[in-house]
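**Q** Sharing a model prediction with you, sequence too.
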Amino acid sequence: MRSAQCCVSVRMAARLLLRSATRAAVYSRRLVPSQAVIGRLASGGIPTDDEQATGLEKIVLKASKEGMDPYNILKPKEYAGSEQDPHIVPSITNKRIVGCVCEEDNTAVVWFWLHEGEAQRCPSCGAHYKLVPHELPH
Ligand SMILES: [Zn+2]
């Protein structure tokens, strides 16, 4: 009795697997590449990131061409950290927590809240940080 039930469940599992594999094949046939990709593939080339990027990746690529970095993906610019050239900290709110590695070979990070307004100094090394309002594209 038990072995018969076991066979039935194995058959059901196999049937379910087959059904999902068939569905996957049907869905994959429905995926149609964009005209730009088709054109590039027809000419024998490999589509570039610009041609095949969509959604957020496309927004970031477009912004980077205009010299912007809306999601802070690129390496941050370097500032002297002085009063005249403070470290610029972009923020979508009126405060942001900052970690300062005061000296290059320090193993401890000094964390402090940076608020909107005048530049603030790191409580340990005295480097200047300034919060700058930042808006995300969406
Ligand atoms: Zn510091």
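**A** Yep, that arrived.

**Q** hey, let's count contacts and neighbours off CA atoms from now on
**A** Fine.

**Q** pLDDT value on the residue of the chain found nearest the ion, please?
**A** Per CA to the ion, Cys102 is where the chain lies closest to the ion, at 3.6 Å. Confidence at Cys102, expressed as pLDDT, is 94.

**Q** what's the distance between it and Lys58?
**A** 36 Å (CA to CA, to the nearest Å).

**Q** returning to what we had before: how is the residue of the chain closest to the ion assigned, secondary-structure-wise?
**A** Following DSSP: H, G, I helix; E, B strand; the rest coil, we place Cys102 in the coil state.

**Q** number of nearby residues for it?
**A** Counted with other CA atoms under 10 Å, residues neighbouring Cys102 total 17.

**Q** ok, and the closest non-adjacent residue to it?
**A** In this structure, Cys102 finds its nearest non-sequential neighbour in Cys125, 5.7 Å apart by CA to CA, 6 or more residues apart in numbering.

**Q** That neighbour: which element?
**A** Applying DSSP states H and E as the criterion places Cys125 outside every helix and strand.

**Q** quick one: it and Gly99 touch, right?
**A** No - the criterion here is CA atoms under 8 Å, and Cys125 misses it with Gly99 at 11.9 Å.
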